[in-house]
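My questions concern the predicted model and sequence given below.
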Amino acid sequence: MQGGALAGGEAGGPAGGEQGGGEAVEVTPPPEPLPAPMYAVYVEPTPQRDGDPALGYDHFINSPFVGCGFPVSIFDQLDVERFFPLVGLPSDSAYLEGRTGANAELPYFLTHNVTDSGVEIAGLNCMNCHAGALDGELVVGLGNTTLKTVNDPGVFARSMVQLYQDPAEQEAARYWAERMSAVGSAVVLDTTGVVAADNMAVVLFGRRDPQSMEWRDSYQVTLPEEGIPAVPLAVPPLWRMGKKNAMFYSAAFRGDHTRFMYSASSLCVQGIEELLEIDSYFHHVRAWITRLEPPRWPGELDEERATRGAGHYQALCSRCHGTYERTRTRRDLDRYPNLIIPIDEVGTDPMLLSFEETFVATFSEWVEASPLGQSNWLEETPGYVAPPLDGIWATAPYLHNDSVPDLWSLLKSEARPALWRRVSRRSDDLDEERVGWPYSVEERSRAEGAPPEVYDTTRLGYLNTGHTYGDPLSDEERLELIEYLKTL
């Protein structure tokens, strides 16, 4: 599944196509979803730049759009292959087909670059978060659920500076360490697997002059006196963007998707000219992302059970999540409504929404004054977008904060564990009935000294509340609905 269906077909990467499990079950969906719920808010589309998806994939896996990193002269000392089993990959799956030049010798999550002084460096890229393991193979575009976000990245970066003797290499390492230290504790969480991506945006926007885009040693906006707490988020699969009219969980970021997609580049760029260079090709990356196809369910499917499940889906889910052409031969028949469901209705953890209200209030004027102001803006929203469900079987854990370990628990709220821990990092250990990762129910909370691998849903930010729409189903009906969801 290296590169997988996500990099193949129309998207122009390595050949993809069918992914295990034989032919898709034929169930004809209804031509239209049910009328939108009265409480939902429609996300209006905005004009987008299209491009060449094959060129976009090449840029995604090869271009150094995050331009700083550590000098590669010590790469052999890092023993990075110890990392691969932790994410469910054998070492021979971590070197992605299609990577060219020096990138071919680096694991998928590092990209080669050369500084102005001629130092060869390796920097993190988007696949650090937006690539994951399924069935022992790398799937580009899948969210990484194994991230270790419990340590300050600046500490690690600063520790590496002393490993270099060459002055030019030391300078390059210091530059990288300076930027990683700026992000530093702002993105540290106490639980593994989730990320504080929105908190990183606070640093990347706030530390730049909005007009010159030059990096500053202090914030260029006034942050709340109480600070902005780190908010845990699931890394979403990239293939959802083919249907969504706005990015991110609340749709607070509006306008040109491309310019928000490469915002992580502002960690390292030194001004507007470098940003414009990235902007000149990143619309091709967006073109590739919007044509991604999720991987197919790898196991057997019970056609009769899935057919019954399609009826449950129509009754309970389609108004918010849309309808789907399951054979994938006519994706134009899909109907996705692009709806924001108010927090009072969906009832899921409100911390992200509160954070983004603060972010919009703090950064709206900054965005307007920046080059983003020509095409983008921030908008306060009342809740969370009901996402497309394509490939939902591959995206456990569930909800925007990864608080629910499997589809069974998502659809039966009383079954959700309060304290749980994934029992294996092997990517082929999928629970095929409940659809999610096998887990153990834990006794100790994080406050009581549980390790960071324990997901504690008793805390704000990590709550597993809400989304109780599956509760009226019987257990058999729930299994039928899950069987249908495997086909999407």
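Looks like it came in fine. Numbering: from 1, shown residues only.

Which strand or helix spans residue 314?
According to DSSP states H and E, residue 314 maps onto helix 303-316.

how far out from the middle of the chain is that helix?
Helix 303-316 sits 28 Å away from the centroid of its parent chain (CA atoms, centre = their mean, to the nearest Å).

In the protein, where is pLDDT below threshold?
Residue ranges of the chain with pLDDT under 70: 1-34, 77-88, 90-93, 326-332, 425-428.

still on that earlier bit, so which bits of the helix holding residue 314 are buried?
Across helix 303-316, burial judged by 16 or more other CB atoms under 10 Å covers 305, 306, 307, 308, 309, 310, 312, 313, 314, 316. C-beta coordinates here come from the backbone N, C-alpha and C atoms, glycine included.

got it, and stretch 130-150?
So for stretch 130-150, counting by 16+ other CB under 10 Å, buried means 130-135, 137-147, 149.

Likewise for stretch 473-488?
473, 477-488.

Check stretch 65-77 too.
Result for stretch 65-77 [16+ other CB under 10 Å]: buried residues 65, 66, 67, 68, 69, 70, 71, 72, 75.

could you say which helix or strand contains the spatially closest residue to residue 268 that is not a sequence neighbour?
Of all residues not flanking residue 268 in the chain, residue 68 sits nearest, at 3.8 Å (CB to CB, 6 or more residues apart in numbering). Assigned by DSSP H and E, residue 68 belongs to no helix or strand.

ok so, going back, put together JSON lines for the buried residues of stretch 65-77, with distance to residue 89 on each row.
Listed next are the buried residues of stretch 65-77 as JSON lines, based on distance: CB to CB, whole Å:
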{"residue": "65", "distance to residue 89": "23"}
{"residue": "66", "distance to residue 89": "21"}
{"residue": "67", "distance to residue 89": "26"}
{"residue": "68", "distance to residue 89": "26"}
{"residue": "69", "distance to residue 89": "21"}
{"residue": "70", "distance to residue 89": "22"}
{"residue": "71", "distance to residue 89": "25"}
{"residue": "72", "distance to residue 89": "21"}
{"residue": "75", "distance to residue 89": "18"}
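
where do the strands sit along the stretch 51-200 of the chain?
70-71, 110-114, 120-124, 131-134, 137-140 (DSSP state E, counting those that start in this stretch).

meant to ask about the stretch 201-350 of the chain, not that
253-255, 339-342.

Can you name every helix or strand that the longest one contacts?
Counting contacts by 3 or more CB pairs under 8 Å, 6 or more residues apart in numbering; DSSP states H and E, the secondary-structure elements packed against strand 339-342 are strand 41-42, strand 383-385.

Swap in 10 Å and give it another go.
Other helices and strands packing on strand 339-342, by 3 or more CB pairs under 10 Å, 6 or more residues apart in numbering; DSSP states H and E, are strand 41-42, helix 318-321, strand 383-385.

Restricting to C-alpha, output it in PDB.
C-alpha atoms of strand 339-342 as PDB (Å, rounded to 0.1, in the frame of the first residue of the first chain):
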ATOM      1  CA  LEU A 339     -22.600  21.400   7.100                       C
ATOM      2  CA  ILE A 340     -21.500  22.800  10.400                       C
ATOM      3  CA  ILE A 341     -23.300  21.200  13.300                       C
ATOM      4  CA  PRO A 342     -23.600  23.500  16.300                       C
END
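
How about the contacts made by the residue nearest to residue 268?
113, 115, 121, 123-124, 157, 172-173, 175-180, 267-270 (CB atoms under 10 Å, 6 or more residues apart in numbering).

these two touch, right, residue 319 and residue 336?
No: contact criterion CB atoms under 10 Å: residue 319 and residue 336 do not qualify, at 11.5 Å.

Tell me the one of the buried residues of stretch 65-77 nearest residue 415?
residue 66 (40.3 Å; CB to CB).

doesn't residue 183 make contact with that closest one?
No: the pair residue 66 / residue 183 is not scored as a contact, 11.8 Å apart, by CB under 10 Å.

Can you tell me how far residue 455 is from residue 369?
40 Å (CB to CB, to the nearest Å).

Between these two, which has more neighbouring residues?
residue 455 (28 against 13; other CB atoms under 10 Å).

who are the neighbours in contact with the more buried one?
Counted by CB under 10 Å, 6+ apart, residue 455 has contacts 191-194, 232, 397, 401-405, 417-422, 439, 442, 446, 462, 464.

Now it: which helix or strand?
strand 454-456.

Can you list the strands that that strand pairs with?
Sheet pairing of strand 454-456 (DSSP bridges) gives strand 419-422 (antiparallel).

starting at the chain centroid, how far to the strand it pairs with?
For strand 419-422, the distance to the chain centre is 21 Å (CA atoms, centre = their mean).

residues making contact with the helix or strand that it is followed by?
Sequence order places strand 439-441 as the next helix or strand after strand 419-422, per DSSP H and E. By CB under 10 Å, 6+ apart, the residues outside strand 439-441 that reach it are 396-397, 405-406, 409, 417-424, 431, 454-455.

Report the two of the residues you listed separated the most.
So, those by CB to CB: farthest apart are 418 and 424, at 20.8 Å.

OK, contacts around the residue nearest to residue 450 when sequence neighbours are not counted?
Nearest in space to residue 450, with sequence neighbours left out and distances taken as CB to CB, 6+ apart, is residue 444 at 4.1 Å. By CB under 10 Å, 6+ apart, the contact set of residue 444 is 419, 450, 451, 454, 456.

Just the closest of the residues you listed to residue 106, please.
residue 451 (30.6 Å).

secondary structure class for that closest one?
coil (DSSP: H, G, I helix; E, B strand; the rest coil).

count of residues packed around it?
13.

mind checking how far it is from residue 421?
For residue 451 relative to residue 421 (CB to CB), the value is 8 Å.

which residues do those two both contact?
By CB under 10 Å, 6+ apart, the residues touching both residue 451 and residue 421 are 192, 442.

gap between residue 438 and residue 52?
For residue 438 relative to residue 52 (CB to CB), the value is 41 Å.
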